[in-house]
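Peer 1: the amino acid sequence is not available; the structure is as follows:
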């Protein structure tokens, strides 16, 4: 039996949230975060976001978005799920065919699954979702790497004030960013870390900006942020330091300022997602690997 695949409508949000929570075994989401992933995406593509229904019941979902990154046009399956009782009936494949056709019309070069820069829910496929891995491989995706999410127990002492005071002798000031600092931070990241601009913007949407900076002679040279993606869930990042300040322990200082913020928010743990340097976070925050994700891509050209 074929089930209709139609464009997602905002009125579907409550039912879609419930559907995803029923369909995902290792993840959960609320309406606020789901809306952040949908309309909140800076490159939201409503024409590439589908629900599959049996009557009024949502039985499948797939969202696509695109990014232009350093001359490559990337297309992504950002979120997807099929009701367990409707699997192996071609629903995911039918949604994928529609999505892939749209991406080809937009001249996408490469298609990936989940690891969407700027605004994402997970940085790859958790291999415990084994049916999803098998489906991706059948559709021509190949694994090209992996990444991890780390977990930090926030019940620790994060005070670095003595170190910050010592840095003042080198004309380095460390403090929370003020609203008027936003443009300076965006200018600081535009060359090397332009992809983080949306997360910086998100950090400034909080009543008290959830971003900390280091200034050398009054110029922004390093920053760290939290609550810039998946708001309210304790996500850390992004963070970056200019070479002028590297080797001074700036990363540890800025990391711990954010962790202290989250501790004061009443959170028990922080998630450090999409991690490369596991040893840095383990050393400075006793972070442990919490989840592993496999990354898949398919060449469209």
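Peer 2: Looks like it arrived, so ask away. Small disclaimer: the values here were computed from a predicted structure and weren't measured.

Peer 1: the domain parsing of the protein - what is it?
Peer 2: 5-145+295-299, 156-267 (automatic domain parsing).

Peer 1: want to throw the ones you listed into TSV with mean pLDDT?
Peer 2: Listed next are the domains of the chain as TSV, based on pLDDT from 0 to 100:
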stretch	mean pLDDT
domain 5-145+295-299	97
domain 156-267	96
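
Peer 1: can you redo these as CSV with mean neighbour count?
Peer 2: Where you see a C-beta, it was placed from the backbone N, CA and C, and this is true even at glycine. Shown next, in CSV, are those (neighbours: other Cβ atoms under 10 Å):
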stretch, mean neighbour count
domain 5-145+295-299, 17
domain 156-267, 17
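
Peer 1: give the contact list for residue 120.
Peer 2: 37, 78, 114, 229, 274 (Cβ atoms under 8 Å, 6 or more residues apart in numbering).

Peer 1: those residues: which two are farthest apart?
Peer 2: Longest distance between any two of the contacts of residue 120 is 15.2 Å, between 37 and 274; criterion Cβ to Cβ.

Peer 1: for stretch 166-183, what is the distance to the chain centroid?
Peer 2: Remark: stretch 166-183 is offset 26 Å from the chain centroid, using Cα atoms, centre = their mean, to the nearest Å.

Peer 1: quick one: the helices in this protein?
Peer 2: For the chain, the helices defined by DSSP state H occupy 13-23, 31-37, 91-105, 130-138, 161-167, 182-189, 197-203, 250-264, 278-285.

Peer 1: do I have it right that residue 241 meets residue 251?
Peer 2: Yes - at 5.9 Å, residue 241 counts as touching residue 251 under the criterion of Cβ atoms under 8 Å.

Peer 1: and the residue lying closest to residue 248 once chain neighbours are set aside, how close does it get to residue 189?
Peer 2: Distances taken as Cβ to Cβ, 6 or more residues apart in numbering place residue 167 nearest to residue 248, at 6.7 Å, with adjacent residues excluded. Residue 167 is 21 Å from residue 189, where distance means Cβ to Cβ, to the nearest Å.

Peer 1: and for residue 128?
Peer 2: Using Cβ to Cβ, which is the criterion applied here, residue 128 is 34 Å from residue 189.

Peer 1: repeat for residue 290
Peer 2: 27 Å.

Peer 1: which residue is nearest the middle of the chain?
Peer 2: residue 120 (3.3 Å; Cα atoms, centre = their mean).

Peer 1: for that one, phi and psi?
Peer 2: Note on residue 120: backbone dihedrals following degrees, to the nearest 10 are phi -150, psi 160.

Peer 1: count of neighbours near the residue nearest to residue 288 when sequence neighbours are not counted?
Peer 2: Closest residue to residue 288 apart from its sequence neighbours, by Cβ to Cβ, 6+ apart: residue 151 at 5.7 Å. Applying other Cβ atoms under 10 Å, we find 18 residues neighbouring residue 151.

Peer 1: run through the strands of the stretch 201-301 of the chain in chain order.
Peer 2: 211-216, 219-226, 236-241, 269-275, 288-299 (DSSP state E, counting those that start in this stretch).

Peer 1: I'd like to know which elements the second one is packed against.
Peer 2: This points to strand 219-226. Judged by 3 or more Cβ pairs under 8 Å, 6 or more residues apart in numbering; DSSP states H and E, strand 219-226 is in contact with helix 182-189, helix 197-203, strand 211-216, strand 236-241, helix 250-264.

Peer 1: OK, contacts around residue 166?
Peer 2: Residue 166 neighbours (Cβ under 8 Å, 6+ apart): none.
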